[in-house]
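In: predicted model and sequence below, questions to follow.
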Amino acid sequence: MPLPQLLSILESLGEYHELQSDLPGPTSRRGVAGLHGSSDAVVVATLSKNLTHRFFVVLNDDVAGAERWLADLSTLVEPDGVAFYPPRESFGEAEAHAEVAGERVETLERIGRGDLRIVVTTSRALLERTQLPRALASARLELRKGDTRRPEQLAAHLEAIGFERVLMVEDVAQFSVRGGIFDIYSFGMAEPVRLEFWGDDITELRHFDLLTQRSTRDAEVALVLPVDGQISVGDTEPERSSIRALFPPDTLFVVPRGTHVKPEMERTWSEAQHHIDLARRRGEDTPSRDELFESPETTLRAIAEYGTIDLSGEGAKIAAL
């Protein structure tokens with residue numbers, strides 16, 4: 001439940017109105033100082049509330065800082081208005097941790113739908129190139145009762161977007177086929193779904209329990225999302241790009257106090273090459289650093305094209321809350 005009283009208090013301050021009326025435009029930077037504790041999140045939440053057409057990206061040095069912002073913002077805005085886009089756990093392309101992989105693709109899917117108002121992320125995540133921004137539109141599926149789909153084509157598509165075909169579904173990014181019955185467990189699903197086909201028609205669509213494997217309740221729609229780093233839809237491999245490919249042109253970046261964007265990106269860039277070199281010495285077929293990451297120079301130039309609110313800089317003075 002958001003805390004509207006805090007947003008109302010901030011809205012009563014003249015300093016806040018000064019900030020809102022003089023937000024940085026493209027290529028501009030506006031410093032904001034005098035914020036303490038979680039009042040920085042209150043400022044961003046209030047701006048998001050009043051500027052319903054704007055998209056905000058809160059850029060942190062690390063996951064711990066990003067999670068603090070996510071926790072604060074989640075109490076200040078509607079839950080579906082904010083999400084975290086985490087960096088990969090490793091420097092390779094595939095994400096071994098299902099929770100991280102799922103959060104990444106779910107957040108990108110929500111950005112693409114236009115559902116999100118605020119994305120919290122890190123400098124490293126912004127550097128990463130991934131197939132998802134370019135492939136999401138063609139790779140995602142929405143399955144409903146009454147749809148017509150050829151089962152063999154559905155199975156081929158699931159394998160093409162990184163799903164593992166198994167005898168019995170036990171984890172996310174898996175599917176199984178038993179005659180005319182498909183079990184699918186995608187990122188973003190609270191429970192896996194079971195499709196029953198009659199010929200090429202989906203006649204039943206239900207959730208099922210992983211432990212008992214029994215159907216539990218009807219499902220209105222099954223949203224199937226691809227697995228990052230394992231997509232091969234179409235004749236060519238999807239182009240890798242930064243998540244910025246999904247950001248609107250008038251996006252506002254927010255840089256929290258104490259954040260050191262350039263040094264963090266340079267550290268990530270250097271460590272990425274080190275880990276790729278180690279993987280290749282082990283005989284692994286690893287893409288080059290330029291395929292998996294943007295250079296810090298490229299990313300910093302791109303960020304500079306957006307408006308930026310620097311919460312550690314000199315400028316408009318917002319009273320502590």
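Out: Perfect, I can see it now.
In: wait, doesn't residue 166 sit right on residue 177?
Out: No - contact criterion CB atoms under 8 Å: residue 166 and residue 177 do not qualify, at 9.7 Å. Any C-beta I mention is one placed from the backbone N, CA and C, and that applies to glycine too.
In: the more surrounded of the two?
Out: Per other CB atoms under 10 Å, whichever of residue 166 and residue 177 has more neighbours is residue 177, with 19 against 14.
In: assumed residue 291 was part of a helix.
Out: Yes - looking at residue 291 with DSSP: H, G, I helix; E, B strand; the rest coil, it is inside a helix.
In: any idea how far it is from residue 276?
Out: According to CB to CB, to the nearest Å, residue 291 and residue 276 sit 10 Å apart.
In: tell me which of these two has more neighbours.
Out: residue 276 (20 against 11).
In: residues in contact with the residue nearest to residue 230 when sequence neighbours are not counted?
Out: Residue nearest to residue 230 in three dimensions, not counting chain neighbours: residue 162, with 3.1 Å by CB to CB, 6 or more residues apart in numbering. Shown in contact with residue 162 (CB atoms under 8 Å, 6 or more residues apart in numbering): 173, 226-231.
In: repeat that for 7 Å
Out: Residues in contact with residue 162, defined by CB atoms under 7 Å, 6 or more residues apart in numbering, are 173, 226-227, 230-231.
In: just the buried ones from those residues?
Out: Judged by neighbour count, with 16 or more other CB atoms under 10 Å as the criterion, the buried members of these are 173, 226-227, 230-231.
In: longest strand anywhere in this structure?
Out: Across the chain, the strand with the greatest residue count (assigned by DSSP state E) is strand 201-208.
In: pull out the buried residues from that strand.
Out: Counting neighbours by 16+ other CB under 10 Å, one finds that the buried residues in strand 201-208 are 202, 205-208.
In: now residue 47: which helix or strand?
Out: With elements taken from DSSP states H and E, the one containing residue 47 is helix 39-50.
In: before I go, just wanted to say thanks for your time.
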